[in-house]
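Q: Generate a structure from the sequence data that follows.
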Amino acid sequence: GECFRALGDDRAAAAQFARLARLHPGTEEAWAAEFRQMLLLWRENNDSEAMAIMDRLGKAAAAEGFRNRWVAPAEIAEALLARFERLLASTDQAQAVDLARHAAPLLGAGKAGRLEAETLAAWGRRLAAEAESERRPEAAEQKRVEAREKLREAGRAYERLAQVEITSREYTDYLFAATESYYLGHDYSGAVRMARLYLRNEVRRRHPQTLLMLGDSLLALGRVEAAGKALEECIEFFPRDPAVHRARLLAARACLEKNRPKQAEQHLNDNLSSNALTPDSIEWRDSLFALGMLAHETGDAEQAIARLQEALTRYPKAPQAVSARYALADVLARRARAALAAAELSADSGARLVLPKAVHDDLQAALALYRRVQHDLQSRNETGMPTPAERAMLRNAIFAIGAALADLGEHEAAARTFAAAAIRYQHQPAALNAYAQLIALYRRLGRPIDAQQAIAQARQVLERISGDEGFVSATPFSRSQWTEVLDDLERL
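A: Numbering: from 1, shown residues only. Just a heads-up that it's a prediction; the model follows:
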């Protein structure tokens, strides 16, 4: 058999090895013959039969006192690793993982486990990279799901490997790799478990990155207090590590969850004033957007306008741009309405002459931003599946456009906007909000018949919508209260 193999006659060699294994089972020669058969099958890419042989070889190799005079351990390892590398080069990660799992008795649990874990991690990262370059939203999301699945598998493989290699010097490396794989795979419970184990066993190396993953994972699990502690530890003890900038962003979010806006603002300002960051960095960009959104949430209109305008000027295509435009429009519209209310109450006629110009400018700017938000979100709806938050923002932007037009005195345009909204959301409680605005506009325009028709249409919508769900979240009234509201509107 060996002579045929040396002469390049693989068919004759395979026949001879098969005959030997059949006639002399359990011998060292039979084991070596099957090993040679497996190599020949791999040349033909016959993985299924080769894998069946490997399982038989593995069972024999696992027996106590196993040895083979014909095949050295180094040759076994070399052949298996060569096949593994060829599979990886052909991007056949599934076969490579399968090979690693079957090869444990021949390679050793540690070496085979490492091959499996590293392959799964690389597989997950490749899928994640492909998702980012995928133009079709549904296909991109499917790849993200697959990527997270493979990364979670990698996390489990690294965790098993760490248990096998608990006495080796690579033990903490495997703990860190398990933490990272679980984290990237969105298995936050697994990431927390592995991160804490790593921090207990590793003196200082890679602590900042681990604390960052620990804090973010705890935030995702809703454990805000513990997340804050991990992130503050990263910030306090590793102030010069690059991970600290991301830690400050997450710490700011944790502070907001704990109703500590001043601390959140300090973390974000620390990032913006850091000499280690420039406006080209993602952390600087995200900190600027976060400061603007924070000012919006806390009611600091001037700070919100300044920060959000700067962020949108610098980064008009950033992932946060749509939310930032919506927030900026909201701040401008509120400032305009507050100024308008103050002007109406003011006894100073000069103030009334100055303020409407400012009010008009703010409302026009808000209107343009709301329309941009509507356009961007509708474009997303046409190309993929929008998130619930995006659907709610689109609905709110449409209603805000109508309100801004009404404030600007463009009542006909406002009425058309609310009429379109009523049709768009005719199967949702939000349609009732549109009809309420439409009724008021028709009356202001001196169109009582249209107002009565709008009331009748609102009643039909109310009857058509089944159940009470969605009324409180999307409208200011419950189902029963809407009946009373429509009755009152009809009596006016």
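Q: contacts and neighbour counts: CA atoms only from here.
A: OK.
Q: what's the top helix by length along the chain packed up against?
A: For the chain, the helix that runs over the most residues, judged by DSSP state H, is helix 349-383. Secondary-structure packing of helix 349-383 (3 or more C-alpha pairs under 8 Å, 6 or more residues apart in numbering; DSSP states H and E): helix 321-345, helix 388-407.
Q: again, only using 10 Å
A: helix 137-164, helix 321-345, helix 388-407 (3 or more C-alpha pairs under 10 Å, 6 or more residues apart in numbering; DSSP states H and E).
Q: can these go into JSON lines with extra columns for mean neighbour count and distance to Q481?
A: What follows is the helices and strands packed on helix 349-383, written out as JSON lines (neighbours: other C-alpha atoms under 10 Å; distance: least, C-alpha to C-alpha, whole Å):
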{"stretch": "helix 137-164", "mean neighbour count": "21", "distance to Q481": "40"}
{"stretch": "helix 321-345", "mean neighbour count": "20", "distance to Q481": "27"}
{"stretch": "helix 388-407", "mean neighbour count": "19", "distance to Q481": "21"}
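Q: export the ones you listed to CSV and tack on mean pLDDT and distance to R56?
A: As requested, those are exported to CSV (pLDDT from 0 to 100; distance: least, C-alpha to C-alpha, whole Å):
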stretch, mean pLDDT, distance to R56
helix 137-164, 94, 23
helix 321-345, 91, 59
helix 388-407, 94, 53
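Q: Just send these back as JSON lines, with distance to V359 too.
A: Formatted as JSON lines, the helices and strands packed on helix 349-383 follow (distance: least, C-alpha to C-alpha, whole Å):
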{"stretch": "helix 137-164", "distance to V359": "40"}
{"stretch": "helix 321-345", "distance to V359": "5"}
{"stretch": "helix 388-407", "distance to V359": "9"}
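Q: Select, out of those helices, the one closest to L88.
A: With C-alpha to C-alpha, the closest approach to L88 among those belongs to helix 137-164: 15.4 Å.
Q: Give me the distance from the closest one to the chain's centre.
A: Centroid separation between helix 137-164 and its chain, computed with C-alpha atoms, centre = their mean, to the nearest Å, is 14 Å.
Q: swap in stretch 91-109?
A: Counting by C-alpha atoms, centre = their mean, stretch 91-109 is centred 30 Å from the centre of its parent chain.
Q: got it, and stretch 122-141?
A: Mean-position distance between stretch 122-141 and its chain equals 12 Å (C-alpha atoms, centre = their mean).
Q: Could you tell me the end-to-end distance of it?
A: The first and last residues of stretch 122-141 sit 19 Å apart, counting by C-alpha to C-alpha, to the nearest Å.
Q: How about it, which residues are buried there?
A: Buried residues in stretch 122-141, defined by neighbour count with 16 or more other C-alpha atoms under 10 Å: 122-125, 127-128, 130-131, 137, 140-141.
Q: I'd like to know which of the helices and strands packed on helix 349-383 lies nearest to Y188.
A: Here helix 137-164 is closest among the helices and strands packed on helix 349-383 (C-alpha to C-alpha), at 9.9 Å.
Q: buried stuff in the longest helix of the chain?
A: Buried residues in helix 349-383, defined by neighbour count with 16+ other C-alpha under 10 Å: 352, 355-356, 359-374, 377.
Q: about what we covered before: from the buried residues of stretch 122-141, which two are the most distant?
A: Using C-alpha to C-alpha for every pair in these, the one that comes out farthest apart is A122 and P137, at 22.8 Å.
Q: ok and the longest helix of the chain relative to helix 137-164, angle-wise?
A: 80 degrees (axes from the mean of the first three to the mean of the last three C-alpha atoms, to 10 degrees).
Q: can you tell which of the helices and strands packed on helix 349-383 is closest to L249?
A: L249 lies closest to helix 321-345 among the helices and strands packed on helix 349-383, at 16.6 Å (C-alpha to C-alpha).
Q: Now do that closest one: distance to the chain's middle.
A: Mean-position distance between helix 321-345 and its chain equals 31 Å (C-alpha atoms, centre = their mean).
Q: Next: stretch 422-430.
A: 30 Å.
Q: now swap in stretch 294-303 and tell me
A: Taking C-alpha atoms, centre = their mean, one finds the center of stretch 294-303 at 27 Å from the center of the full chain.
Q: which residues make contact with it from outside it?
A: Here stretch 294-303 makes contact (C-alpha atoms under 10 Å, 6 or more residues apart in numbering) with 252-253, 256, 261-262, 264-265, 268, 288, 290-293, 304-309, 324, 327-328, 330-332, 334-335.
Q: Could you tell me which of the residues you listed belong to helices?
A: Residues of the contacts of stretch 294-303 located in helices (DSSP H): 252-253, 256, 261-262, 264-265, 268, 288, 290-293, 304-309, 324, 327-328, 330-332, 334-335.
Q: Downstream of the helix or strand where R416 lies, the next helix or strand is which one?
A: Per DSSP states H and E, R416 falls inside helix 411-424. Using DSSP H and E, the next helix or strand after helix 411-424 towards the C-terminus is helix 430-444.
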